[in-house]
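Asker: when you get a sec, could you give me coordinates for this:
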Amino acid sequence: MGWRDRGIELKTPEQIEGMRMAGLVVGRTLEMLREVARPGLSTAELDAAAEAQIRSSGATPSFLGYHGFTGSICVSVNDEVVHGMPGPRVLVEGDVVSIDCGAIVDGWHGDAAITLALGDVPDEVTALMRVTDEAMWRGIAAARLGGRVSDISHAVEQHVRAAGDYGILEDYTGHGIGSEMHQPPDVPNYGRPGRGPRLVKGLALAVEPMVTLGSADTDVLDDDWTVVTRDGSKAAHSEHTFTLTDEGAWVLTAIDGGREQLAALGVPYGGD
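Answerer: Next up, the predicted model:
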């Protein structure tokens, strides 16, 4: 059975370059939102700023209209883990805000997410955000040509488990990405290494740990989108889209391609 038969899309180098263009739009939009997010701003205003940035960059928001989603970004606050629907909610001091952004350039998608704090938050929340982001990077750093998807999953889980008693969402995962935003294979944030599809050139994956300060159990709000922790604990979410080249990993949604973070982890950089 071939890759196409299993629904896994392999891209040519030229198509990966197209994904890099989309990834840069996403990365720059998230950096802009990191700067403008503040208490007193509504999540709808953040969404409007993101849409304007994406469209002014010659791209289209991936999320807008996706299965009826009404925003250009997901904005998830405090106990909201992922898929928060932008609206009238006004952000306040001490909020923990996850922003997930996707963009399309010439039919190719980029997808990434950040979590930030508005003002001072407890040390445990700062640690949660740091651990979640570190786990994402360690997942990417574990990927090698010829390896398996679950090598990424195992590295994510190992880092989170070693850092403390956190909850790791199991019902929501990373994913393949390319000509569609969500494609096979799933990229869980837990599991044994050496399992799942092989990591080969042309495969692009979105790695996205979703981690909580309490239980990993979740519910979905009445909007049929927003995922919240059942115990009300705060959550964090980090995401990047990456691919592998002969030289190493290339993080398509990082402004520098992931060069700095990968170097800090002793991993070869595979971008241009």
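Asker: and S62, how many neighbours?
Answerer: 25 (other CB atoms under 10 Å). C-beta here means a position set from N, CA and C on the backbone, and glycine is covered the same way.
Asker: next: L213.
Answerer: With other CB under 10 Å as criterion, L213 counts 22.
Asker: try L205
Answerer: For L205, the count of nearby residues is 26 (other CB under 10 Å).
Asker: what residues sit buried inside stretch 16-24?
Answerer: 16, 18-24 (16 or more other CB atoms under 10 Å).
Asker: just the mean pLDDT for stretch 94-102, thanks.
Answerer: Stretch 94-102 carries an average pLDDT of 98.
Asker: one more: stretch 145-157?
Answerer: On average, stretch 145-157 scores 98.
Asker: the chain should start at 21 in everything you say after this.
Answerer: Happy to do that; since the first residue is 21 now, the last one works out to stretch 165-177.
Asker: then it to PDB, C-alphas only?
Answerer: Presented in PDB, the C-alpha positions along stretch 165-177 are these (Å, rounded to 0.1, in the frame of the first residue of the first chain):
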ATOM      1  CA  LEU A 165      14.100  10.800   8.100                       C
ATOM      2  CA  GLY A 166      13.300   7.100   8.300                       C
ATOM      3  CA  GLY A 167      11.900   7.500  11.800                       C
ATOM      4  CA  ARG A 168       8.300   7.100  12.800                       C
ATOM      5  CA  VAL A 169       5.500   9.600  13.700                       C
ATOM      6  CA  SER A 170       5.300   8.300  17.200                       C
ATOM      7  CA  ASP A 171       9.000   9.300  17.800                       C
ATOM      8  CA  ILE A 172       7.600  12.800  17.900                       C
ATOM      9  CA  SER A 173       4.700  11.800  20.200                       C
ATOM     10  CA  HIS A 174       7.000  10.100  22.700                       C
ATOM     11  CA  ALA A 175       9.400  13.000  22.900                       C
ATOM     12  CA  VAL A 176       6.500  15.400  23.600                       C
ATOM     13  CA  GLU A 177       5.100  13.100  26.400                       C
END
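Asker: what about the helices in the stretch 21-170 of the chain?
Answerer: All helices of the stretch 21-170 of the chain, identified by DSSP state H, counting those that start in this stretch, fall at 33-56, 63-76, 143-161, 169-183.
Asker: any residues touching the shortest one, and which ones?
Answerer: Counting by CB atoms under 8 Å, 6 or more residues apart in numbering, helix 63-76 makes contact with 45, 48-49, 52-53, 56-57, 80-81, 84, 91-93, 95, 97, 104, 106-109, 111, 119, 121, 123, all of which sit outside it.
Asker: ok, now which ones touch P213?
Answerer: Residues near P213 by CB under 8 Å, 6+ apart: 162, 168, 170-171, 173-175.
Asker: out of those residues, which one sits closest to H129?
Answerer: S173 (21.5 Å; CB to CB).
Asker: tell me the two of the buried residues of stretch 36-44 that are most distant?
Answerer: Farthest apart among those by CB to CB are I36 and L44. That separation is 12.8 Å.
Asker: need the residue closest to the centroid of this structure.
Answerer: E259 (2.0 Å; CA atoms, centre = their mean).
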